[in-house]
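>>> Got a predicted structure plus its sequence, pasted below:
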Amino acid sequence: MTARSVFQTTLALALALTPGCQKKPDAAGVPGRGGGPVPVNLGEAVKKDMPVDLRAIGNVESVATVEVKAQVGGELLEVNFKEGQDVKKGDLLFTLQPLLYATLLAQAEANLVRDRVQAENARHEAERNVQLGVKGAISKEQLDQMRATAEAADATVKADEAMVKIAGVRLSYSSIKSPINGRTGAVNVQAGNLIKDNADTAMTTIKQLAPIYVAFALPESHLADIRRGLAARALPVTALDPKNGQPLAEGTLTFIANAVDMTTGTITLKATFANDDRALWPGAFVDVVMRLDTEPGVTVVPAGAVTIGQKGPQVFVVKEDGSADLRSVTVGRTVGQESIVRTGVEPGEKVVTNGQLRLVPGSKVIAQPAARELAKMKAP
C-alpha cells in the first residue's frame, strides 16, 4: 500500500467518527420523546381510612395443659379413650381397681359405726355416774376418768369420720376423669400395668385447643399506644398463615406482660382465639397483625406507584393531556399493597404503577389495555 492510499484511508475513518458527520437518531423512534405514547399500568390516588397495624411473629399456646397422673396406686383396669381424642371435662379416662378402694371405704364406715356405739355408751355411763358422785358413791377421780373415756370415744368417732372421707376420696381417685376440655396426647400406660401414685411420667397429657392463645412480642415503644388502645376498646388480632399470608383466625388482645424484657426491649402479648375450627394448633408459628387504630381520610396510592429517585420517593402522575408529571412525594407508611402519601399527590389523580423506567417528565403515556387494543387495530 502506497503512502497516499494510507492517508486517504485514515482521513475517511476520521470523517466517519466525527460527531457532526453522524446521522442523528430520529426522536420519533424513542418512546416518550416523540415516538408515540408509552404503554404503562395506571392506578388512582384515593382518599380512605387506613388501619394502623402492628405486625409480629406469634407462637400458638394452649390456654391450659394438664399432665394426668394417678393419685392412688394399683392395677390399671381400663383405658377409656383413644390417643388424640377430644374429651370434655368429667369424661372417664382411666379406671384403677375401684373394688379395692370401695372395700377400704366400707371398712372405714364400719369402724365409724362401731366407735359411735362405744362413744354413746361411754357418754351415758358418765352421765349416770354423775348422780352417784353427788351422793358420794364413787370418788371424784373415778368420775373424771369416766368423763375422759367418753371424750376420748367422741374423738375416736371424729377420727373415723375423717377416715371415711379419705377413703371416699381415694375411691373417687380410682376413676381418673378429665379435668378440662381438650385433646388427649399419647397414652403412656396400658391396661394391666401396675400404676404408682404420682409417678414421674404422666399417663397422658391433655391440651386445651378452644379457646387458644397466640403469644407474640412487640417493641416497647408501642406499649403506651397499646395500653391506651386496650383501655378504650378491644384490640382485634388476626393470625395469618406464614406460607401464604391467608387469615387463619380472628381474636382479641387479652394479655400484656407486667414487665418489658430487658434483653430484647420487647413486651410480651397474648391474644385469645375461639379456635372452634381448630385452625390454630399448639406450638405452631403464625404471622400476627394487631389493629391498633384507624387513620381516617388519608391519600392512598398503589404501592407500586412509588419509586425512589435522586431526590427520594417519587410518583409519575398522568395529567389530563396524557403526559407524565414526575412529583416528589412524602410517604407515610405502606399497608399491604397500598402506600399512604402525605404530600405530592391529590385524591382522584392517575398514577403510573408499572413502566416508570421508560418515562421522563412530559412523556405521553397510554394505559396498557388501550395499548393492546391499538396494536390489534394496526395488525394486518
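Structure received.

>>> Quick check: Arg333 vs Thr353, distance?
Relative to Thr353, Arg333 is positioned 18 Å away (C-beta to C-beta, to the nearest Å). The way it works is simple: take the backbone N, C-alpha and C, and place the C-beta from them, glycine included.

>>> same thing with Lys196?
Look at Lys196 and Thr353: by C-beta to C-beta, they are 70 Å apart.

>>> higher neighbour count, the two?
Thr353 (21 against 13; other C-beta atoms under 10 Å).

>>> got a list of what the more buried one touches?
Residues near Thr353 by C-beta atoms under 8 Å, 6 or more residues apart in numbering: 40-43, 302, 304-305.

>>> how about the helix or strand encompassing Leu143: buried residues?
Under the criterion of DSSP states H and E, Leu143 resides in helix 140-173. Buried positions in helix 140-173, judged by neighbour count with 16 or more other C-beta atoms under 10 Å: 143, 146-147, 149-150, 153-154, 156-157, 160, 163-164, 167-168, 170-171, 173.

>>> Ok, stretch 280-296 next?
Of all the residues in stretch 280-296, those buried under the rule 16+ other C-beta under 10 Å are 280, 282, 284, 286-293.

>>> I figured Trp281 was touching Val60, is that so?
Yes: applying C-beta atoms under 8 Å, one finds Trp281 in contact with Val60, separated by 6.1 Å.

>>> wait, Val52 sits on Met290?
No: using C-beta under 8 Å, Val52 makes no contact with Met290, being 9.6 Å away.

>>> shared neighbours of the two, anything?
With C-beta under 8 Å, 6+ apart, Val52 and Met290 have no common neighbours.

>>> Could you break this protein into its assigned domains?
By the assignment in automatic domain parsing, the chain contains the domains 34-49+297-378, 53-64+207-295, 69-96+176-205, 98-173.

>>> could the ones you listed go into a markdown table alongside mean pLDDT?
Output for the domains of the chain, formatted as a markdown table (pLDDT from 0 to 100):
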| stretch | mean pLDDT |
| --- | --- |
| domain 34-49+297-378 | 87 |
| domain 53-64+207-295 | 95 |
| domain 69-96+176-205 | 94 |
| domain 98-173 | 85 |
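
>>> and the end-to-end length of stretch 221-238?
Taking C-alpha to C-alpha, to the nearest Å as the measure, stretch 221-238 stretches 21 Å from start to finish.

>>> Please renumber the chain so that the first residue is 46 from this point on.
Okay, residue one is now 46; in that scheme the one you just asked about reads as stretch 266-283.

>>> if we look at that stretch, which residues are touching it?
Under C-beta under 8 Å, 6+ apart, the answer for stretch 266-283 is 99, 259, 263, 292, 294-298, 301, 305, 312, 314, 316, 333-338.

>>> Now, of the residues you listed, which are buried?
Buried by 16+ other C-beta under 10 Å: 99, 259, 263, 294, 296-298, 312, 314, 316, 333-338, out of the contacts of stretch 266-283.

>>> thinking again about what came up before, in the contacts of Thr398, which residue is surrounded by the most others?
Counting neighbours by other C-beta under 10 Å, Ala350 comes out on top of the contacts of Thr398 with 26 neighbours.

>>> check contacts around the residue nearest to that residue when sequence neighbours are not counted.
Excluding the flanking residues, the one nearest Ala350 by C-beta to C-beta, 6 or more residues apart in numbering is Val396, at 4.2 Å. Neighbour list for Val396: 87-90, 346-347, 350, 360-363, 390 [criterion: C-beta under 8 Å, 6+ apart].

>>> Pick out the residue closest to the middle of the chain.
Ranked by distance to the mean C-alpha position of the chain (C-alpha atoms, centre = their mean), the top residue is Val259 at 2.2 Å.
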